[in-house]
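Enquirer: Just the structure for this:
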Amino acid sequence: MTHDFDLVIIGGGILGTSLSFFLSYLNKTKKIVTIEQEHKVAFHTSGRNTGKVHAPYLYDPEKKKMFAKAAYHGYDMIKKYSQLKNLPFKEDGVLEVSLNKKSTKILEKYLRWGKQNGLKEDEIELLTSSQLKKIEPEIKCDTCLQVHKDASTDYSKFTNSLMIDSRNNGMKFLLNTKVTDIKKKDGKWKIILNNEHEIFSNFVINVAGGESIDIAHKMEVGQNLTDVHFRGEYWKAPKEYFNLTKKSVYSVPDFPDYPFLDPHWIIRVDGTCEIGPNAVPVFSPYGYKASENLKEFVPKLLEMINSGARKAVFDKQFQKLAINEIQSSMSKSAMIERVTRFLPKIDADKITNKGTAGIRSSVINDKGKFVSDMIIEDDSMSLHILNYNSPGATGALPFSVHIINRLHERGFFRREKDDCDCGPWKFSDLIEKIST
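Expert: The predicted structure is shown next:
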């Protein structure tokens, strides 16, 4: 195995693999490797979500401009690549419902945001409950935001296809390989793999998802930040409910400042339906089982007590919400009742099978506040993408273009070609889109 690299990408989720995809076209001589601890890419958060390709209506066009722009262009890019590779992609739309007048005001704001972020008049509209009843008779709500430009896909298959293209272009992936330590040595990064092997790199891009904060801390970056992990659980609906609605249904969260989302009614790309996710606090980015959480309980608790997370976890509102999420995990009825508020026909007794759980990691700053936007930290030898959550998968392709261009402009990692075809796109065209 080569021991010296020009660039190491840590993390084989959809963002890390997207970076590898574009770099495989732009650089033909530099030694680049993507490191992923699991046996396949998109094994964790990237492949354990609702599979939605989100329209940019949830994102403040000023405060979350990059997220909104990435989601807007990401939709078309995912569609184009999926058609080229014959991957699952279904333009099925989504409904966001309000259950009271307060939430209706939020939907009106989402409508404005969506249009400001580029959605056209025929792609997003506000419906009264009576208007919605004509097309979705089973849904009960005060008002509904219908978004036509929303889709479903399979991000595991999508990311794996990006990896195959990258490999075919000469890029290297190290799977089943975990970064267990990293430190500077003689002007390079010395990276320990699986506690035994070592490699060296001139530059590191940290896109490690649930472990990105831990990696950043080892590299002495983002020391004022910590993370808290939440397990999102799903319940599978029986076949008799598959035609209950034509579109997936989301409800406006009651507490948007916290990472607690009311469970949704989800229609996946294969036509199956699920309820979820909730957001159960756990102690590991891989805390799917009690044994893993028990192992990480003490170190994570000490980390939170000695950071800004202490203020958040001792906040009474947070504690109340966290208890509700734990109850939704312990009681199927408690979770499903949240959905029956807008889909009263669902009978919890008929839902018996659990779906795949995923874990989302949210960053807390030194003031004890949850950070709502993504965080980009960099220095002369590294770049770190922290708090990369929804619409992370939707925006991964255009955001990876933004990262590569950012490195190029700062002179950290020069592109060898000013322009070239990257799969179905011309790189210069992509830069122009994300820059305007």
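
Enquirer: so where do the helices sit in the stretch 51-200 of the chain?
Expert: Assigned by DSSP state H, counting those that start in this stretch, the stretch 51-200 of the chain shows helices spanning 65-85, 101-116, 129-135, 155-168.

Enquirer: Thr180: which of these is closest?
Expert: Across the helices of the stretch 51-200 of the chain, Thr180 has its closest neighbour in helix 155-168 (22.6 Å, Cβ to Cβ). Where you see a C-beta, it was placed from the backbone N, CA and C, and this is true even at glycine.

Enquirer: can you state the direction angle for that closest one and helix 65-85?
Expert: Counting by axes from the mean of the first three to the mean of the last three Cα atoms, to 10 degrees, helix 155-168 lies at 80 degrees to helix 65-85.

Enquirer: Report the outermost residue of this protein with respect to its centre.
Expert: Distance from the centre of the chain peaks at Asp186, with 35.4 Å (Cα atoms, centre = their mean).

Enquirer: Count residues in the vicinity of Ile124, would you?
Expert: 25 (other Cβ atoms under 10 Å).

Enquirer: Check the one 10 residues further on too.
Expert: Using other Cβ under 10 Å, the number of residues around Lys134 comes to 8.

Enquirer: ok, so what distance separates it from Leu175?
Expert: Distance, Lys134 to Leu175, using Cβ to Cβ, to the nearest Å: 50 Å.

Enquirer: So Ile266 is in contact with Lys247, correct?
Expert: No. Contact criterion Cβ atoms under 8 Å: Ile266 and Lys247 do not qualify, at 10.2 Å.

Enquirer: Which of those two has more residues huddled nearby?
Expert: More neighbours surround Ile266 than the other of Ile266 and Lys247, with 24 against 20 (other Cβ under 10 Å).

Enquirer: and the protein, what are its domains?
Expert: What automatic domain parsing lists as the domains of the chain is 1-89+151-225+371-436, 94-148, 226-368.

Enquirer: Relative to Tyr388, how far out is the nearest residue to Gly47 once chain neighbours are set aside?
Expert: Nearest non-adjacent residue to Gly47, counting by Cβ to Cβ, 6 or more residues apart in numbering: Ser156, 3.7 Å away. Distance, Ser156 to Tyr388, using Cβ to Cβ: 17 Å.

Enquirer: Out of these two, name the residue with the larger neighbour count.
Expert: The neighbour comparison of Ser156 against Tyr388 (other Cβ under 10 Å) goes to Tyr388, with 27 against 18.

Enquirer: on that earlier part again, now the domains of the chain in JSON lines, with mean pLDDT?
Expert: Listed next are these as JSON lines, based on pLDDT from 0 to 100:
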{"stretch": "domain 1-89+151-225+371-436", "mean pLDDT": "93"}
{"stretch": "domain 94-148", "mean pLDDT": "97"}
{"stretch": "domain 226-368", "mean pLDDT": "93"}
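
Enquirer: Most tightly packed of these?
Expert: Compared across the domains of the chain, domain 1-89+151-225+371-436 shows the largest average neighbour count, a mean of 19 (mean count of other Cβ atoms under 10 Å).

Enquirer: and that domain, how far from the chain's centre?
Expert: When distances are taken as Cα atoms, centre = their mean, to the nearest Å, domain 1-89+151-225+371-436 is centred 12 Å away from the chain's centroid.

Enquirer: now swap in stretch 72-91 and tell me
Expert: Centroid separation between stretch 72-91 and its chain, computed with Cα atoms, centre = their mean, is 17 Å.

Enquirer: which residues touch Leu132?
Expert: 95, 97, 139, 141, 144, 146 (Cβ atoms under 8 Å, 6 or more residues apart in numbering).

Enquirer: Among those, which ones are in strands?
Expert: 95, 97, 144, 146 (DSSP state E).

Enquirer: isn't the third one right next to Val97, touching?
Expert: Yes. At 4.9 Å, Cys144 counts as touching Val97 under the criterion of Cβ under 8 Å.

Enquirer: re earlier: dump the ones in strands among the contacts of Leu132 into CSV; add distance to Ala68 as well.
Expert: CSV is the format used below for those (distance: Cβ to Cβ, whole Å):
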residue, distance to Ala68
Leu95, 20
Val97, 22
Cys144, 22
Gln146, 19
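
Enquirer: ok, so of these, who is nearest His44?
Expert: Leu95 (28.3 Å).

Enquirer: I'd like to check which residues are in contact with the closest one.
Expert: 132, 136, 139, 144-147, 245, 247-250.

Enquirer: out of those, who's nearest Phe89?
Expert: Using Cβ to Cβ, those come closest to Phe89 at Ser248, 14.8 Å.

Enquirer: Show me the two of the ones in strands among the contacts of Leu132 that sit farthest apart.
Expert: Val97 and Gln146 (9.8 Å).

Enquirer: does His408 sit in a helix, a strand or a coil?
Expert: helix (DSSP: H, G, I helix; E, B strand; the rest coil).

Enquirer: Quick one: distance of stretch 101-121 to the chain centre.
Expert: Distance, centroid of stretch 101-121 to centroid of chain: 22 Å (Cα atoms, centre = their mean).

Enquirer: Over to stretch 287-298?
Expert: Worked out by Cα atoms, centre = their mean, stretch 287-298 lies 22 Å from the chain centre.

Enquirer: ok, then the element right after the lengthiest strand in the chain?
Expert: The single longest strand within the chain, with elements called by DSSP E, is strand 197-206. As assigned by DSSP states H and E, the chain's next helix or strand after strand 197-206 is helix 212-218.

Enquirer: Give me the contacts around that next one.
Expert: With Cβ under 8 Å, 6+ apart, helix 212-218 has contacts from 10-11, 179, 181-183, 206, 208, 222-223, 225-227, 361, 363, 377, 384-386, 388.

Enquirer: Ok, stretch 61-69 next?
Expert: Counting by Cβ under 8 Å, 6+ apart, residues outside stretch 61-69 touching it are 56, 59-60, 113, 116-117, 372-374, 391, 395, 398-399, 402, 434.

Enquirer: for Gly170, what are its contacts?
Expert: Residues near Gly170 by Cβ under 8 Å, 6+ apart: 24, 28.
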